[in-house]
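*Asks:* Test case, fold it:
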Amino acid sequence: MRFLRRFALLLFVAGLPVGAGAAVIVDSAGRQVAVPDAVAHVLPAGPPASVALFALAPDKMAGWIQPLSAAQLGFIPPRYASLPAVGRLTQRDGNPAELVRIAHPDLIVDIGDVDRRYADLADKVQKETGVPYLLFSGSLAEIGSALRKLGPILGNGAEGERLAKYVATALAEAHKLAARPAAAHPKVYFARGDGLLMPVGGNGPAEFLRLLGVRMLAAEPDVHGNATVTLDRVRAWQPDYIVTDEPGAFDAVTHHPEWRMVKAVKDGHVLLAPAGPFGWLDHPPSLNRVMGLRWLARKLYPRAFKDDLRPVTAAFYRLAYHQEPAPAQLDLLLQESPAHR
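*Replies:* Predicted coordinates for the structure are as follows:
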């Protein structure tokens, strides 16, 4: 009897069925959630979950968080253009229980930050609606694990495994670069706003730089994970590259005379991350960032790679968005001197 109880506990922790019609999953917050044996409709709680769920099981996704623009829709198969906008459960002043009742999902999935606020929200919504609610970390290091675990739940274990392996390949590239001696790494400054706002904390753009092992300008983050620096400090540090995901910041750095004394600007090493249908480095922080990690690795360490970014990009889009970009779309994504997108 003791053996049977111990065996049942092992099945429980592993997320395997311990009873008919349900499985118990342990999510990233350590919550034990019983999920139905068959999931026909899954509701993303926020933008990061919508991107991951679209890659994993687009035909089961209840909808996008908000309507996609015409430019975004150009990157996905037309049959998914009519998916409704379901709203954001994680919005602070929203009514998540009402959104769930309207969508009628079998399962809710949130992907992103895992802290007390989001865990409490998941517990509250699950209790009020009776719909199981899973919370997974959206960090680059952990999103592959989330996709691998979600695959069988959504009846698409093989696709979950393919996505998880792709993430692992991108992380392996980054880890190999990070293992280089410190002196072999470029100095990289990430710019936002007017060029003097630098994201340094959390799972945002600074996560890319940490994974790649690059040398970053030291600064203490504020409550939003950003730091404000001075141009004099950037000039004194003389970064080899400046990276941004905002056209406004790109213009500020490349067009204003006061930036011309910065090494990265003089060398033409100011990089604006591609975007379409979602940002490659953020917005939202989800699976889309894996392409950004591979792009940034090749931009910062060009001698370490012999492959062409066009097929690398096309392969990711086939996997994540179920449609390869047209040649003109690839040209726009990978142009060296980007116009405003």
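
*Asks:* contacts for the helix or strand containing A264?
*Replies:* Element membership for A264, per DSSP states H and E: helix 263-266. Contacting residues not belonging to helix 263-266 are listed as Y189, Q238, P239, D240, Y241, I242, V253, T254, W259, R260, H269, V270 [Cβ atoms under 8 Å, 6 or more residues apart in numbering]. (Glycine included, C-beta is placed from N, CA and C.)

*Asks:* where's the second one relative to P205, distance?
*Replies:* I take that to be Q238. The spacing between Q238 and P205, counted by Cβ to Cβ, to the nearest Å, is 20 Å.

*Asks:* the more surrounded of these two?
*Replies:* Between Q238 and P205, P205 has the larger neighbour count (other Cβ atoms under 10 Å), namely 25 against 13.

*Asks:* Identify the residues contacting the more buried one.
*Replies:* Residues counted as contacts of P205 (Cβ under 8 Å, 6+ apart) are F190, P199, V243, D245, L281, D282.

*Asks:* A122 contacts D110, doesn't it?
*Replies:* Yes. A contact is recorded between A122 and D110 when judged using Cβ atoms under 8 Å, the distance being 6.5 Å.

*Asks:* joint contacts of the two?
*Replies:* Taking Cβ under 8 Å, 6+ apart as the contact criterion, the common neighbours of A122 and D110 are A45, Y133, L134, L135.

*Asks:* Farthest pair within those residues?
*Replies:* Of all pairs drawn from the shared contacts of A122 and D110, the one with the largest separation by Cβ to Cβ is A45 and L134; the distance is 9.1 Å.

*Asks:* any common contacting residues for those two?
*Replies:* Common contacts of A45 and L134, defined by Cβ under 8 Å, 6+ apart, comprise I108, V109, D110, A122.

*Asks:* Please name the nearest non-neighbouring residue to the third one.
*Replies:* By that I understand D110. With Cβ to Cβ, 6 or more residues apart in numbering as the criterion, D110 has its nearest non-adjacent residue at 3.6 Å, and that residue is A45.

*Asks:* I'd guessed that neighbour sits against P105; true?
*Replies:* No. Here A45 does not reach P105: they are 10.2 Å apart, not a contact under Cβ under 8 Å.

*Asks:* neighbour count winner among these two?
*Replies:* Ranked by neighbour count (other Cβ under 10 Å), A45 and P105 place A45 first, with 28 against 25.
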